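[1] sequence and predicted model, in that order:
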Amino acid sequence: MSPRRLSEDERTLWLGVARSIAPLRRRPRPDPELAALPPAPPSSVKPKPAAVSARPKVVTPAPPPLAPLDRRMKRRLVRGAEAIEARLDLHGLTQSQAHGALTGFVRSAQARGCRLVLVITGKGAGDPYSERGVLKRQVPMWLRLPEMRSMIVGFETASAAHGGEGALYVRLRRKHGGDT
């Protein structure tokens, strides 16, 4: 089946449209038919001015970046010279229960003035693609969320003495005086 030919009116209309648009990048080679036609009359449609918003746009600051624990603090933790001020064990919880418990725990620990806490997720199964070990994968993602980053300085996998791959050290930010 061959394509349909344009009528003379359709051809004139198409050439007028093609002449009135601006190319995005480089100019295509000029079409000899377009050059032979008279220029299109100016459009009577005027562009509308941009609407002025009554409310100023509020720019929310980016959440603070996360920082890993420094070597000195990790060494002090392993030796027992630095205390873990609170612990949260998420074993046996569903994802939604664990997420709520983690958020509440971090808020509560920060309000009490804790600086370093331990979150126990469990190691899960040996197979990284199994359904077990979901919390081990999810908790670090939850800790990276903007609402959590405003409360924590950083987190890192715990040493073997505190649970190794199945636990995380979490450093909390100091609570500012104006916050409740």
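    Arrived safely.

[2] what about the residue nearest the centre of the chain, distance to residue 121?
    Residue closest to the average C-alpha location in the chain (C-alpha atoms, centre = their mean): residue 145, at 7.4 Å. Residue 145 sits 16 Å away from residue 121, going by C-beta to C-beta, to the nearest Å. For every residue, glycine as well, the C-beta is placed using N, CA and C.

[3] same check on residue 153?
    Computed as C-beta to C-beta, the residue 153 to residue 121 distance reads 19 Å.

[4] and residue 143, what does it touch?
    Counting by C-beta atoms under 8 Å, 6 or more residues apart in numbering, residue 143 touches 66, 102, 149, 152, 155, 168, 170.

[5] try residue 161
    residue 78.

[6] state which helix of this protein is the longest.
    Counting by DSSP state H, the longest helix found in the chain is helix 95-111.

[7] what about the protein, any weak spots by pLDDT?
    Low-confidence segments of the chain, defined by pLDDT under 70: 1, 23-56, 58-60, 63, 125-132, 176-180.

[8] what about the helices in it?
    8-20, 32-36, 71-79, 95-111, 134-143, 146-149.

[9] so which elements touch the first one?
    Based on contacts counted as 3 or more C-beta pairs under 8 Å, 6 or more residues apart in numbering; DSSP states H and E, the elements that helix 8-20 packs against are helix 32-36.

[10] mind listing what residue 144 touches?
    With contact taken as C-beta under 8 Å, 6+ apart, residue 144 is in contact with residue 66.

[11] what does residue 174 give?
    Counting by C-beta under 8 Å, 6+ apart, residue 174 has contacts 113, 115.

[12] swap the cut-off to 10 Å and go again
    Counting by C-beta atoms under 10 Å, 6 or more residues apart in numbering, residue 174 makes contact with 110, 113, 115, 153.

[13] closest to residue 76 among those residues?
    residue 115 (12.1 Å; C-beta to C-beta).

[14] re the thing from before, from the contacts of residue 174, list the buried ones, please.
    110, 115, 153 (16 or more other C-beta atoms under 10 Å).
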